[in-house]
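S.K.: this one's sequence-less:
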Ligand code: ZN
C-alpha cells in the first residue's frame, strides 16, 4: 500500500467529470490496490472521505468513514461513520429536509465552510467487490456521501455554499466558529 498524492484546488482533475468503473475493472488488482491506497491516504491525512479525482483518478469511486475512536470534528459533533467503498453512486434525495454543517476537503486544506445539504438520502452503488448495494443514510454519513459524490462530477463544497461569508481558515474557525474550544 502507499500514500497517494492529493490534488489540490486549482488542479483541473478536480473539475472534470469522472467516468463509471466497469465490473471487470472493479475486480482488477490495479483497482483493488487503488482502493487500498485511497483508504491509506485518507487515514494519513485524517480525512473522512476521499474521491478518485482527488488522487488524480477520473473514476467514479470514493472511500469514506472513520473509526469510532477518531475525532471527526469540525465536520460534526458526534456522528460516526463506518468505512465504506462506493463505486458508481447514484443518490436519491428522500425528502425536503435540509441542514447546514461545516465541511472541509483534503483538496482545499485548512479551510472550512458552512454547507446546506439534504439530510436524508438513498444511495445505489457497487461495493469494492462489484456487488450491488443500497444504502440509506442521514446526518453526517449522508453529508459525506454527497460531498464525495460531488467530487465525481467536478463539484467542490464551495459550489454548494449559499454564501461564502462563513469561509474560514482552520485557526479562525477554531477561534470564532467552533462550538467547543477543542483543538
Ligand atoms: Zn472533498
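M.R.: That came in fine, so what should we check first? None of the values given here were measured: they were computed from a predicted structure. Numbers count the residues shown, from 1 in each chain.

S.K.: hey, where'd the helices end up in the chain?
M.R.: Along the chain, counting by DSSP state H, helices occupy 23-27, 29-44, 140-152, 157-160, 170-172.

S.K.: Now do the contacts for residue 45.
M.R.: Shown in contact with residue 45 (C-beta atoms under 8 Å, 6 or more residues apart in numbering): 6, 106. Any C-beta I mention is one placed from the backbone N, CA and C, and that applies to glycine too.

S.K.: now with 6 Å?
M.R.: With C-beta atoms under 6 Å, 6 or more residues apart in numbering as the criterion, the residues that contact residue 45 are residue 106.

S.K.: which stretches of the protein have low pLDDT?
M.R.: Low-confidence segments of the chain (pLDDT under 70): 66-80, 180-183.

S.K.: If we use 50, what do you get?
M.R.: Scanning the chain for pLDDT under 50 picks out 68-78, 181-183.

S.K.: which residue ranges form the strands in it?
M.R.: 49-51, 61-64, 84-93, 98-105, 108-118, 120-126, 132-138, 168-169 (DSSP state E).

S.K.: Take those strands and write them to a markdown table, including distance to residue 26 and mean neighbour count.
M.R.: Formatted as a markdown table, those follow (distance: least, C-beta to C-beta, whole Å; neighbours: other C-beta atoms under 10 Å):
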| stretch | distance to residue 26 | mean neighbour count |
| --- | --- | --- |
| strand 49-51 | 16 | 28 |
| strand 61-64 | 9 | 27 |
| strand 84-93 | 6 | 19 |
| strand 98-105 | 25 | 18 |
| strand 108-118 | 28 | 18 |
| strand 120-126 | 6 | 18 |
| strand 132-138 | 12 | 14 |
| strand 168-169 | 38 | 16 |
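
S.K.: closest one to residue 152 among those strands?
M.R.: strand 49-51 (6.0 Å; C-beta to C-beta).

S.K.: any idea which of the helices of the chain is most buried?
M.R.: Comparing the helices of the chain by mean neighbour count (mean count of other C-beta atoms under 10 Å), helix 140-152 comes out on top with a mean of 23.

S.K.: That one to strand 120-126, inter-axis angle?
M.R.: Per axes from the mean of the first three to the mean of the last three C-alpha atoms, to 10 degrees, the angle that helix 140-152 makes with strand 120-126 is 60 degrees.

S.K.: just to revisit the earlier point, looking at the helices of the chain, spot the one closest to residue 132.
M.R.: Between these, helix 23-27 lies closest to residue 132; by C-beta to C-beta that is 10.4 Å.
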